[in-house]
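Asks: need coordinates for the below:
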Amino acid sequence: MARSLRHGYTTGACAAAATLAAARLLAGERVAQVALELPVGERAVFPVHGCRVDGARARCFVIKDAGDDPDVTHGVEVHARVESSSPPSSGDAGREEGEVVILGGEGIGTVTKPGLAVAVGEPAINPVPRRMIREALRSVFPSGSFRVTIAIPDGEQRAAKTLNARLGICGGLSILGTTGIVRPISHQAWTDTLDVALDVALAVGCRRVVACTGRSSEKVAQREYPLLAEEAFVMMGDHVGHLAGACRRKGVPNLVVAAQFAKLVKVACGHPQTHVHSSRLDLRKLADWARSTGLTTEASETIVAANTAREVFLTLGAAHPLVAEVARRAVKQLRNWAPGVTIEILLVGYDGAVAGRYGE
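Replies: Model (predicted):
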């Protein structure tokens with residue numbers, strides 16, 4: 001029997017849990033773990049580490065557990081430091097509520113581009129985590145003024161492995177999450193990033209977005225479109241269907257998909273997700289298309305017997321009518337996913353050069 005996958009918790013949930021623990025520590029409690037009500041309605045328990053109190057400030061941290069869908073933030077220490085700027089008084093409901101200022105400490109990125117959920121110049125702590133942090137603090141201190149500083153000590157190093165810099169989040173990681181839960185194998189983190197990347201591209205005035213399946217395709221596309229802003233290039237990975245649908249929803253006028261032949265075949269076959277685990281490469285369908293372009297039955301059987309679409313492409317060459325037929329079908333499928341969006345395809349060869357341009 002297959003083992004059910006275990007979910008984890010977002011950096012936002014961890015930041016709120018660390019804040020709750022630090023607030024209780026400041027209120028004089030001994031804290032080994034805290035229980036937090038997550039936005040999704042689930043109650044989660046977080047072990048607490050590194051508890052320290054120094055006068056009117058307390059700090060501690062929670063280690064993020066991403067469950068069975070680990071990403072770059074799995075295992076990070078999410079620290080919270082809570083400082084009172086007025087004498088804390090737990091349970092003093094009669095006082096007028098003061099201000100809670102949330103700051104980004106070491107390893108938390110700073111927003112440098114418009115189009116994100118947080119204003120330019122602010123620490124990259126999204127609105128839902130900010131609300132969770134405030135609610136956690138206020139559950140201990142209903143009133144009074146406080147400063148809460150969130151930090152991830154190795155956040156800047158880990159952020160180098162993410163798309164944060166391209167999105168305009170510099171110097172560290174983001175504190176994210178709308179439910180508090182990381183669902184395993186959901187791909188949600190990636191598709192959420194695509195949505196944000198499109199928001200940023202539109203915010204800086206990009207009318208044409210170039211969606212690339214990988215770094216090799218992106219390098220070729222950047223050479224092909226040297227006048228486009230860097231925000232126009234979006235690394236979509238295998239999520240072509242989501243990216244196309246998001247372009248339609250957000251009003252992107254012109255979408256260019258930059259991909260190699262194998263990915264293009266999967267798009268032409270109608271697979272919205274082109275990862276090998278989500279879509280099978282159907283060379284028989286490719287052989288059927290080949291026959292429609294006048295290729296002999298014997299040659300079509302050679303396609304069926306091929307190991308990969310790459311082998312087919314390298315055997316036939318970029319100028320073969322089958323390649324144009326695949327591109328035509330891919331454009332048609334992309335139009336289905338993104339009606340109203342002008343579609344172009346930049347076919348990238350396996351030699352790192354442009355192999356063809358198709359579409360409107």
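Asks: which outside residues touch stretch 154-172?
Replies: 72-73, 76-77, 104, 106-116, 120, 124, 152, 173-174, 193, 196-197, 200, 230-231, 233, 235 (C-beta atoms under 8 Å, 6 or more residues apart in numbering). No exception for glycine: its C-beta is placed from N, CA and C like everyone else's.
Asks: out of these, which sit inside strands?
Replies: Under the assignment DSSP state E, these contribute Glu77, Gly104, Thr110, Val111, Phe233, Met235 to strands.
Asks: show me what contacts Leu283?
Replies: For Leu283, the set of contacting residues under the criterion of C-beta under 8 Å, 6+ apart consists of Ile303, Val304, Ala306, Ala309, Val312.
Asks: what's the lowest-pLDDT member of the ones in strands among the contacts of stretch 154-172?
Replies: Summarising pLDDT for the ones in strands among the contacts of stretch 154-172: the lowest-scoring member is Met235, with 88.
Asks: with adjacent residues omitted, what lies nearest to that residue?
Replies: Counting by C-beta to C-beta, 6 or more residues apart in numbering, Met235 lies nearest to Cys212, which is 5.6 Å off, once chain neighbours are set aside.
Asks: the one you found: what's it in contact with?
Replies: Taking C-beta under 8 Å, 6+ apart as the definition of contact, the neighbours of Cys212 are Glu218, Ala221, Phe233, Val234, Met235, Met236, Ala258, Ala259.
Asks: what's it sitting at in phi/psi?
Replies: Dihedral pair for Cys212: phi -120, psi 140, per degrees, to the nearest 10.
Asks: how near is it to Ala259?
Replies: 7 Å (C-beta to C-beta, to the nearest Å).
Asks: that older thread, which one of the contacts of Leu283 is nearest Arg131?
Replies: Nearest to Arg131 among the contacts of Leu283, counting by C-beta to C-beta, is Ala309 at 47.2 Å.
Asks: what's the burial count for Gly115?
Replies: Using other C-beta atoms under 10 Å, Gly115 has 19 other residues around it.
Asks: distance of it relative to Ala319?
Replies: Distance of Gly115 to Ala319, computed by C-beta to C-beta: 40 Å.
Asks: any low-confidence regions in this protein?
Replies: Scanning the chain for pLDDT under 70 picks out 1-5, 69-70, 86-97, 183-189, 276-281.
Asks: residue boundaries of the helices in the stretch 1-150 of the chain?
Replies: 11-26, 127-138 (DSSP state H, counting those that start in this stretch).
Asks: highest mean neighbour count out of those helices?
Replies: helix 11-26 (a mean of 29; mean count of other C-beta atoms under 10 Å).
Asks: chain center to that helix, what's the gap?
Replies: Taking C-alpha atoms, centre = their mean, to the nearest Å, one finds the center of helix 11-26 at 24 Å from the center of the full chain.
Asks: I'd say Thr342 and Pro253 touch.
Replies: Yes: Thr342 lies in contact with Pro253 (C-beta atoms under 8 Å); the separation is 6.3 Å.
Asks: about what we covered before: out of the contacts of Leu283, which are inside helices?
Replies: In helices, defined here by DSSP state H, the members of these are Ile303, Val304, Ala309, Val312.
Asks: highest neighbour count among these?
Replies: The ones in helices among the contacts of Leu283, ranked by neighbours (other C-beta under 10 Å): first place Val312, 25 neighbours.
Asks: name the residues that touch the helix or strand harbouring Glu325?
Replies: Under DSSP states H and E, the secondary-structure element containing Glu325 is helix 321-337. With contact meaning C-beta under 8 Å, 6+ apart, helix 321-337 is reached by 240-241, 244-245, 248, 255, 257, 261, 264-265, 267-268, 270, 272, 286, 289-290, 292-295, 312-313, 316-317, 341, 343-345, 347, 355-356, 358-360.
Asks: are any of those buried, and which?
Replies: Using 16 or more other C-beta atoms under 10 Å as the burial test, these include 240-241, 244-245, 255, 257, 261, 264-265, 267-268, 272, 286, 289-290, 295, 312-313, 316, 341, 343-345, 347, 355-356, 358-359 as buried.
Asks: so which of those residues belong to strands?
Replies: If you go by DSSP E, the buried ones among the contacts of helix 321-337 have Leu255, Val257, Ile343, Glu344, Ile345, Leu347, Ala355, Gly356, Tyr358, Gly359 in strands.
Asks: determine which two of those are furthest apart.
Replies: Leu255 and Ala355 (19.0 Å).
Asks: quick one: contacts for Ala309?
Replies: Under the criterion of C-beta under 8 Å, 6+ apart, the contact list for Ala309 reads Phe261, Ala262, Val265, Leu281, Leu283, Leu286.
Asks: look up how far His242 lies from the third one.
Replies: Spelled out, it's Val265. The span separating Val265 from His242 equals 19 Å under the rule C-beta to C-beta.
Asks: repeat for the first one
Replies: Spatial separation of Phe261 from His242 under the definition C-beta to C-beta is 22 Å.
Asks: now do Val326: how many residues are near it, please.
Replies: 27.
Asks: hmm, back to that, Thr342 and Pro253: which is more packed in?
Replies: Set side by side, Thr342 and Pro253 show unequal neighbour counts under other C-beta under 10 Å, the larger going to Thr342 at 16 against 13.
Asks: the more buried one - nearest residue in space that isn't next to it in sequence?
Replies: Distances taken as C-beta to C-beta, 6+ apart place Asn254 nearest to Thr342, at 4.6 Å, with adjacent residues excluded.
Asks: now the end-to-end length of stretch 207-220.
Replies: For stretch 207-220, the first and last residues are 20 Å from each other (C-alpha to C-alpha, to the nearest Å).
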